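K.L.:
Just to be clear, the model below is a prediction. Sequence and coordinates:
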Amino acid sequence: MSSADAVARETAWLTSFDPADGLPALLAGQDGPFDVLQAYLPRTPLQRRRQLYVVRRQLQEVRTAHVRRMARHRFALRIVWPASAPSGAAEEPQRALDSAVELVLQRIGGLMLDKTHGGRFLSVAEDPAEVIVEFDDPEPSLRDRADLTCTISYSADDAEING
């Protein structure tokens, strides 16, 4: 485990699914809302697909007493959502995006009493204890038949290292 594989570890948590744990699936193949869920943005995103990309916006190394250090990652989940609906109504894709975001928030929240994302981190969305969802203005997307987008950001702390 190193800071270099943090994005892969978080992606593994978001794509994992066990019906017994009560957390929602995010991939369409498991009855979730996303066709694509992967680490890092591709050069050319797919068209008309519901996509979630895990990227890291910041890496902070927190030091204590010059001997212990801990990596704090600031993740950004970039969601790209088709703005068109079979009925042609503009409200439907926006409502569907809201529902997908709610499932992602449940997944980030993790298991009851376990905020480590299955032991992948020391804690996730705990310090600071916030998850921020920023929705981009839908009007240009609806007008230009482009995709709706939003970003979910939160922090994850890695285990402390002595040295």
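P.N.:
Sure, I can see it.

K.L.:
Apart from its neighbours in sequence, what residue is nearest the spatially most central residue of the chain?
P.N.:
Central residue of the chain (Cα atoms, centre = their mean): Leu77, 3.7 Å from the mean position. Using Cβ to Cβ, 6 or more residues apart in numbering and skipping residues adjacent in sequence, the residue nearest Leu77 is Ile152, 4.2 Å away. Glycine gets a C-beta too; all of them are placed from N, C-alpha and C.

K.L.:
Over to Val124?
P.N.:
In space, Val124 is closest to Ala156, 4.4 Å off (Cβ to Cβ, 6+ apart).

K.L.:
Quick check: which element contains that neighbour?
P.N.:
strand 147-157 (DSSP states H and E).

K.L.:
as a whole number, average confidence for that strand?
P.N.:
Mean pLDDT, computed over strand 147-157, is 96.

K.L.:
chain center to it, what's the gap?
P.N.:
Relative to its chain's centre, strand 147-157 lies at 6 Å (Cα atoms, centre = their mean, to the nearest Å).

K.L.:
now do stretch 108-119
P.N.:
The answer for stretch 108-119 is 14 Å, by Cα atoms, centre = their mean.

K.L.:
Send over that stretch as PDB, restricted to the C-alpha atoms.
P.N.:
The C-alpha atoms that make up stretch 108-119 are tabulated as PDB, following Å, rounded to 0.1, in the frame of the first residue of the first chain:
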ATOM      1  CA  ILE A 108     -18.800   6.500   0.200                       C
ATOM      2  CA  GLY A 109     -20.500   6.400   3.600                       C
ATOM      3  CA  GLY A 110     -19.400   2.800   3.800                       C
ATOM      4  CA  LEU A 111     -20.500   0.100   6.100                       C
ATOM      5  CA  MET A 112     -21.900   0.800   9.500                       C
ATOM      6  CA  LEU A 113     -19.100   1.500  12.000                       C
ATOM      7  CA  ASP A 114     -16.500   0.900   9.300                       C
ATOM      8  CA  LYS A 115     -15.300   4.000   7.500                       C
ATOM      9  CA  THR A 116     -12.100   2.400   6.100                       C
ATOM     10  CA  HIS A 117     -13.700   1.200   2.800                       C
ATOM     11  CA  GLY A 118     -13.000  -2.400   3.600                       C
ATOM     12  CA  GLY A 119      -9.600  -1.800   5.200                       C
END
